[in-house]
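Asker: the following comprises the amino acid sequence and a computationally predicted model.
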Amino acid sequence: MKKLLQLGDKYRWNLEGIEFAIEERVGKPSCFIGRVEELEYLYQWAGNIQNGISRSIAFLGRRKIGKSLILERLYNILYNEQKGLIPFYYEFTEGERSARDFYRDFTTRFYMQVIGYYTGDIRWIRRAADKKIRPVFEAILQEVDPLEFRHKAHILYELEDCRRMLQTDSPPYEYVISAVAAPHGFATHIGVEERVVQLLDEFQYLNMCINSGAEKKPCKAYMSVAESRVAPLLITGSLMGVVSEELMLYLPHRFSEIAVPKMNAAEAVEMTMNYGTLYGHQMLPEIAEYIVHITNGIPGRIVEILSPKIGKPRSTSINDVDQMLEFEVGTHGSIKNDWDEYLVSAMNAVNDVNMRKITYFLCKNEGTSYYPGELKKAMSLDIDDRQLRRELELLYKYDIISLDSGRYGGVFDRTLKKVLMKNYGEILNLPAGEFDAYFRNDNMLDYLKERVRLLELGRAEARELKKKLDKLQGEHNNLKGHYYEREMLLTLIRCIIDDKGGLVSGIHVTAFTPKLNCHLETGEEIDIVLEGEQAVVMAECKNYSTENLDKITTKMADDFADKARRLHTCFPNKELRLGFFSRHGFEKKVEQYLTKCGIAFKI
């Protein structure tokens, strides 16, 4: 059988020859795009099980990053290749269950998948992976009886042995030990040449939900079998800090821990374009790039942003995307509800006010990490050092902040900052009327900073542009009104960065000076002055409500043009370009007049 992990165009996978034994939660298999490096790595790791050199892996990442999708696709590839490697998928679930029930469930689902592998009948796999089905030993034995496949006698013996054990009154932990030993035991049985790869999803729920009696940490049952070279484990965990801590305490040196990264940017853009089209959005590449930026390329967040809902706008512009994000991080949004599970867990253990402030500060300063003492000083926290360390450790444990070499930082999911901004007003202390503009400007500032980082500018050019953006961000953070002027200035700067031409045509990305609220000697004011090497742009901004558009008159345009021409004398030998903007547009007669006067009113 040839290798079935084959990459096609635009990060799509070639699906020829793959029968989907496990029904992937991505839905239509062609919607699985990208994750090239991760799948290639795990495919090679699985292949080396045959050589006896692959160790057990802990594949850790927060929800929505795509861990389960990767496991499901790996399963289907290995199942179809039939190269002597039996994949076994099991998902630990929420909800308390007894050790005896876990034993029955785990062992029956394992042997059902072994039978499915040997018979080539995916119905066995589908039933084994279906959490709604409760496998029954008697029914399985009866169904297997007329079939012919390799190692049938041994499998029947093991199933009968499982049934006998359920009839005993063993200590709860003994059921757990027996269950987790089954895959390794089968792979080491005399005559069995196949190896087993165990794909165990949401490992944190083993300790959280299985009642193993006197032994409170049933994961200890893996102490020996996690070292298996014939049936190694690939486990995932959504509560990264919890799983990592438990592996360190109860299964030391048994797993190689790998953090699931965010998607490669190019892969994420292709995925966004695909889902955007499927959901009926007008998906331009620049809009897809913006969505990837605000979600940090996390697949589940991208889908949540794009998923249509009643009352949620469709995407035709970046402004629409901001509104879609605000919907999803609001009271009834999917992103907000998902983060609430993490936040509530942490708030049960730590001071919730401190938690929110620390988390927001680290999110806001994305890319910068702090030792506890540095964080205390930067935030002017009135808190005991020991208490601060305890709260930081708990926030890390519940995956709300990150930790690297003793330094704490924000998680790489930007949507957490937006959830905190939207739902905890004391963090920003903003009047309600000012929040919407701040929220949108915050998105755009983050985006512009990322664009600066990605542009391959020389060091001097990058420093110059960073100074301009830092100055603009400082003005933005003052929150003293004039939001529309700032939004329009941000838009003009983005047009310069993207070389969009028009009003800013010919203005170089490192050779412009922006200024807000420029005053003439008479005391009059120009809202925006943007000076380039050869031209100067002056703009007036009106934020009138739709019912007051009649108050924007041609005389206002004349007065603005007169002010601008007088100020233009301060910029000799530079072309004057005029812009007159209104958030909600103009009456038709004003638009016609502006066009006649050569004044831009759209960007």
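Answerer: It's in.

Asker: hang on, residue 116 in a helix?
Answerer: Yes. Counting by DSSP: H, G, I helix; E, B strand; the rest coil, residue 116 falls inside a helix.

Asker: tell me how many other residues crowd the closest residue to it other than its chain neighbours.
Answerer: In this structure, residue 116 finds its nearest non-sequential neighbour in residue 124, 3.2 Å apart by CB to CB, 6 or more residues apart in numbering. Using the backbone N, CA and C atoms, a C-beta is placed for each residue, glycine as well. By the criterion of other CB atoms under 10 Å, residue 124 has 23 neighbours.

Asker: now do residue 124, the pLDDT please.
Answerer: Residue 124 is assigned 96 on the pLDDT scale.

Asker: what's the answer for residue 330, then?
Answerer: For residue 330, the predicted pLDDT is 87.

Asker: what's the answer for residue 322, then?
Answerer: At residue 322, pLDDT is 88.

Asker: separation between it and residue 329?
Answerer: 11 Å (CB to CB, to the nearest Å).

Asker: neighbour-wise, which of the two wins?
Answerer: Neighbour totals were compared for residue 322 and residue 329, and residue 329 leads with 25 against 21 (other CB under 10 Å).

Asker: that one touches residue 336, doesn't it?
Answerer: Yes. Judged on CB atoms under 8 Å, residue 329 makes contact with residue 336 at a distance of 5.0 Å.

Asker: the residue nearest to residue 303 when sequence neighbours are not counted: neighbour count?
Answerer: Nearest residue to residue 303, sequence neighbours excluded (CB to CB, 6+ apart): residue 275, at 5.9 Å. For residue 275, the neighbour count with other CB under 10 Å is 21.

Asker: also residue 323?
Answerer: 17.

Asker: how about the one 4 residues further on?
Answerer: Neighbourhood size, residue 327 [other CB under 10 Å]: 21.

Asker: residues in contact with it?
Answerer: Applying CB atoms under 8 Å, 6 or more residues apart in numbering, we find residue 327 in contact with 309, 311-313, 333.

Asker: ok, back up a step: give the residues shared as contacts by residue 329 and residue 336.
Answerer: What both residue 329 and residue 336 touch, as defined by CB under 8 Å, 6+ apart, is the set 419, 422-423.

Asker: save the residues you listed as CSV, and put in neighbour count, secondary structure and pLDDT too.
Answerer: Shown next, in CSV, are the shared contacts of residue 329 and residue 336 (neighbours: other CB atoms under 10 Å; DSSP: H, G, I helix; E, B strand; the rest coil; pLDDT from 0 to 100):
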residue, neighbour count, secondary structure, pLDDT
419, 25, helix, 81
422, 22, helix, 76
423, 17, helix, 72
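
Asker: for this protein, which spans come out with low pLDDT?
Answerer: Low-confidence segments of the chain (pLDDT under 70): 1, 346-352, 424-441, 443-445, 448-463, 465, 472-481.

Asker: give me the phi and psi for the residue most central in space within it.
Answerer: In the chain, the C-alpha nearest the mean C-alpha coordinate belongs to residue 298, at 2.7 Å (CA atoms, centre = their mean). Per-residue torsions, residue 298: phi -90, psi 120 (degrees, to the nearest 10).

Asker: could you do the one 10 residues further on as well?
Answerer: Residue 308 adopts backbone torsions of phi -70, psi 140, taken as degrees, to the nearest 10.

Asker: tell me who's in contact with it.
Answerer: 279-280, 314.

Asker: circling back to that earlier point, what residues does the residue nearest to residue 116 make contact with?
Answerer: Per CB under 8 Å, 6+ apart, neighbours of residue 124: 112-113, 115-116.

Asker: just confirm it is within a helix.
Answerer: Yes. Counting by three-state DSSP, residue 124 is located in a helix.

Asker: residue 197 and residue 490, how far apart?
Answerer: According to CB to CB, residue 197 and residue 490 sit 50 Å apart.

Asker: what are the phi and psi angles of residue 108?
Answerer: phi -70, psi -40.

Asker: going forward, the N-terminal residue is numbered 37.
Answerer: Shifting the count to begin at 37 puts that one at residue 144.

Asker: tell me if I'm right that it and residue 198 touch.
Answerer: Yes. Residue 144 lies in contact with residue 198 (CB under 8 Å); the separation is 7.3 Å.

Asker: got any residues that touch both of the two?
Answerer: Joint contacts of residue 144 and residue 198 (CB under 8 Å, 6+ apart) are residue 173.

Asker: circling back to that earlier point, just give me the closest of the contacts of residue 160 to residue 304.
Answerer: Proximity of these to residue 304 (CB to CB) peaks at residue 149, which lies at 32.1 Å.

Asker: can you give me the neighbour number for the closest residue to the closest one other than its chain neighbours?
Answerer: Spatially, and ignoring its direct neighbours in sequence, residue 149 is nearest to residue 164 (4.8 Å; CB to CB, 6+ apart). A count of neighbours around residue 164, defined by other CB under 10 Å, yields 23.

Asker: likewise for residue 290?
Answerer: 18.

Asker: tell me how this structure divides into domains.
Answerer: 45-295, 301-364, 371-463, 468-633 (automatic domain parsing).

Asker: those domains: which one's closest to residue 38?
Answerer: domain 45-295 (7.6 Å).

Asker: ends of that closest one, what's the gap?
Answerer: 27 Å (CA to CA, to the nearest Å).

Asker: I'd like to know how far residue 327 sits from residue 451.
Answerer: According to CB to CB, residue 327 and residue 451 sit 11 Å apart.

Asker: hang on, I meant residue 584
Answerer: Taken as CB to CB, the span from residue 584 to residue 451 is 35 Å.

Asker: those two: which has the busier surroundings?
Answerer: Neighbour totals were compared for residue 584 and residue 451, and residue 451 leads with 26 against 10 (other CB under 10 Å).

Asker: residues touching that one, list them.
Answerer: 330-332, 334, 337, 361, 364-365, 371, 375.
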